[in-house]
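> I would like to see how this sequence folds:
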Amino acid sequence: MRLALPLLLLSITLAAAALTTGPSASAESHVPSASMSAEPAPAPSSCPAPRGPGTGEWKTSTLPQTAERAAALAALESWAFPEISAEAEANRQGVRTDGLVIIYQGEIVYERYGRGFQADTPHLTWSVSKTYAATLTGIGVQRGLLNLDDSICEHLTPVNETHCETTVKDLLEFGSGTMWKESYENAPPTSSSVVAMLYGQGHEDVVSFVTSQPRRAPPGQYFQYSSGDTNLLSGVLGAALTPTGGDQYPWTMLFEPLGVTSAVWERDTKGTYIGSSYVYATPRDMGRLGMLWLDDGCFQGERWLPEGWVAASSEVSQTIQTGAIDREAGDVQGRQVWLNLPVYGLGDAARPWPGSPPDFYGAMGHWKQGILMVPSHDLVIVRTGDDRDGSFSWDTLVQRSITYVNPSALPPPADVPAPDNIKPAAVLTADPLEFDTGLLRIAANYGAKLGCSCAFVMNRDDAQCAAFVKASPDIVKVRYDREKKVAKASALGVVRATASYRGPREGCTIDP
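Numbering: from 1, shown residues only. Have a look, this model is predicted:
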């Protein structure tokens with residue numbers, strides 16, 4: 001399953017990085033635990049009663065202690081926070097949880113941090129960022145600033161005008177039809193559209209890069225997971241929301257009203273927010289977004305997302321039901337959220353996570369970052385980590401979290417068998433792509449960008465960040481200027497790049 005982040009080179013597999021911070025008292029803690037009136041009555045609100053933290057601090061709650069819950073807690077912790085040998089740590093093997101927060105009925109009932117992370121450390125969320133972009137899209141639609149049927153050309157000018165056929169809805173559903181290859185560490189970087197966009201020729205202007213790509217299919221006819229679609233959506237959002245929310249619209253329209261104080265959202269050189277990959281936030285602040293979705297797009301009794309938006313977003317999208325391009329098994333999307341529903345027309349035999357409830361959906365990112373919503377159990381689960389070898393399982397995390405909050409919970413219902421007369425949707429294989437990016441240029445840009453963000457957004461020291469960006473083969477070296485807040489990278493001493501810290505909201509960008 002693709003959970004998007006873009007990463008580095010052919011045969012550059014990132015080596016171990018036990019990113020740590022200084023000691024904190026909270027670093028390894030957890031909470032186990034009417035009168036008559038002549039005026040007409042107001043219309044009933046479609047929002048649930050206010051709950052959660054509002055714009056203040058989260059309320060923590062201790063669940064009743066029973067033998068069953070104690071056993072469930074032990075099972076959860078031994079799996080999520082296992083003892084890892086030095087060798088496994090060096091090779092990034094096993095489950096490597098940095099933070100875990102469980103929110104039940106609007107209150108934090110479990111919280112723990114590992115590997116040196118603390119409650120106030122912003123974490124790179126990778127493709128969880130996509131759901132932040134989708135949320136801002138819903139806010140814009142609710143306020144009448146854009147519509148799902150808008151052509152992207154109502155908001156921006158593409159390099160190739162054939163992209164004017166693409167609508168906002170197409171982008172939300174990964175249905176632009178743009179020729180794209182979403183591949184990461186285990187594929188040649190010169191064939192990866194996302195690597196070229198973030199670290200190659202597209203990093204200065206992601207919108208121009210995406211809209212210069214050729215079309216594979218008409219919009220709305222085929223699903224293909226694409227960080228390019230989300231970054232093109234970010235370009236639309238910038239044009240549509242800036243007149244109302246200003247240049248800092250993610251803060252004025254989402255983060256600040258939601259009470260989020262830790263968010264960093266990095267941009268490209270031109271100023272487009274990288275909606276595919278570059279939101280940083282603490283697990284507690286990530287949980288605020290989860291509550292907004294769990295409460296049907298409402299916050300403190302006020303509707304932020306259009307009525308029906310969450311329901312439509314958490315259903316299998318129309319685009320994926322018509323067909324797919326280069327789809328991996330288990331790739332099931334609504335609108336920029338992952339779903340636990342089968343697409344029988346594409347050959348799915350069961351749900352992606354059969355041990356979890358079918359209504360479970362979530363924002364998920366590379367290396368297993370996630371904001372998971374489980375409406376049937378009134379549950380939000382936030383997890384950050386650094387998992388590289390396939391040991392981690394979303395299914396296990398959801399099952400053990402549900403068992404902890406409700407030890408007597410019934411197993412999820414079985415899938416309904418596929419209809420006998422279902423007509424299989426087409427699945428096409430993506431055309432091969434090649435980008436003239438140069439491996440050393442990609443490596444230098446990657447080292448500078450991730451090194452800068454490690455040092456100045458996540459506040460790691462030089463040695464920790466050197467481990468974070470270390471590649472195999474070890475061709476990238478990064479130096480840090482703490483006073484000027486820049487990271488300078490070189491690849492084999494031949495190609496060099498610099499990334500600079502732009503501030504507490506915008507993080508780092510690669511210098512021109």
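> Pro257 versus the spatially most central residue of the chain, what's the distance?
Nearest to the geometric centre of the chain sits Val128, at 0.9 Å (C-alpha atoms, centre = their mean). According to C-beta to C-beta, to the nearest Å, Val128 stands 19 Å off from Pro257. Backbone N, C-alpha and C define where each C-beta goes, glycine included.
> now do Cys164
33 Å.
> what comes up buried for the lowest-mean-pLDDT helix or strand in the chain?
Every helix and strand in the chain was compared by mean pLDDT, DSSP states H and E; the lowest is helix 462-469, with a mean of 80. Neighbour-count burial for helix 462-469 flags Gln464, Cys465, Ala466, Ala467, Phe468, Val469 (criterion: 16 or more other C-beta atoms under 10 Å).
> How about stretch 219-235?
Neighbour count says stretch 219-235 has 219-220, 222-235 buried, by 16+ other C-beta under 10 Å.
> Next: stretch 269-277.
Result for stretch 269-277 [16+ other C-beta under 10 Å]: buried residues Thr272, Tyr273, Ile274, Gly275, Ser276, Ser277.
> what distance separates the start and the end of that stretch?
15 Å (C-alpha to C-alpha, to the nearest Å).
> Could you do stretch 281-301 as well?
The first and final residues of stretch 281-301 sit 24 Å from each other (C-alpha to C-alpha).
> buried sites along it?
Judged by neighbour count using 16+ other C-beta under 10 Å, the buried positions of stretch 281-301 are 281-300.
> Let's see which of those end up in strands.
Among the buried residues of stretch 281-301, the residues falling in strands (DSSP state E) are Ala281, Cys298, Phe299.
> who touches the first one in this structure?
Applying C-beta atoms under 8 Å, 6 or more residues apart in numbering, we find Ala281 in contact with Pro122, His123, Thr125, Val260, Ser262, Ala263, Val264.
> Which two among those residues are spaced furthest apart?
Pairwise distances across those (C-beta to C-beta) peak at 13.3 Å, for the pair His123 and Val260.
> okay, the two: which has more neighbours?
The residue with more neighbours, out of His123 and Val260, is His123; 28 against 20, by other C-beta atoms under 10 Å.
> didn't that one look like it was pressed against Tyr280?
Yes - using C-beta atoms under 8 Å, His123 is in contact with Tyr280, at 6.3 Å.
> re the thing from before, for Ser191, state which of the buried residues of helix 462-469 is nearest.
Minimum distance to Ser191 across those is 22.4 Å, recorded for Val469 (C-beta to C-beta).
> Would you mind measuring from the closest one to Thr384?
Counting by C-beta to C-beta - Val469 and Thr384 are separated by 19 Å.
> One more: Lys59?
Lys59 sits at a distance of 21 Å from Thr384 (criterion: C-beta to C-beta).
> higher neighbour count, the two?
Comparing Lys59 with Thr384 by other C-beta under 10 Å, the one with more neighbours is Thr384, at 30 against 12.
> what's the closest of the contacts of Ala281 to Gln93?
The closest of the contacts of Ala281 to Gln93 turns out to be His123 (C-beta to C-beta; 20.3 Å).
> Look up phi and psi at that closest one.
When read as degrees, to the nearest 10, the backbone of His123 gives phi -120, psi 140.
> got a pLDDT number for it?
We note a pLDDT of 96 for His123 in this prediction.
> again with the one 10 residues further on
In the prediction, the pLDDT value recorded for Ala133 is 98.
> show me what contacts the nearest residue to it once chain neighbours are set aside?
Once flanking residues are discounted, Ala133 sits nearest to Gly275: 3.5 Å by C-beta to C-beta, 6 or more residues apart in numbering. By C-beta under 8 Å, 6+ apart, the residues touching Gly275 are Ser129, Lys130, Tyr132, Ala133, Thr230, Asn231, Leu233, Ser234, Leu237.
> can we see that at 6 Å?
Taking C-beta atoms under 6 Å, 6 or more residues apart in numbering as the contact definition, Gly275 lies against Ser129, Ala133, Thr230, Asn231, Ser234.
> now the first one, nearest residue through space, not along the chain?
In this case it means Ser129. Val279 (4.0 Å).
> Tell me if I'm right that that neighbour and Thr125 touch.
Yes - between Val279 and Thr125 there is a contact at 5.0 Å, judged by C-beta atoms under 6 Å.
> shared neighbours of these two, which are they?
Residues touching both Val279 and Thr125 by C-beta under 6 Å, 6+ apart: none at all.
> Low-confidence stretches in the stretch 1-150 of the chain?
Along the stretch 1-150 of the chain, the parts satisfying pLDDT under 70 run over 1-44.
> before we move on, back to that, who's in contact with the residue nearest to the centre of the chain?
Ala363, Gly365, Gln369, Ile371.
> what's the neighbour count on the third one?
Gln369 has 29 neighbours, counted by other C-beta under 10 Å.
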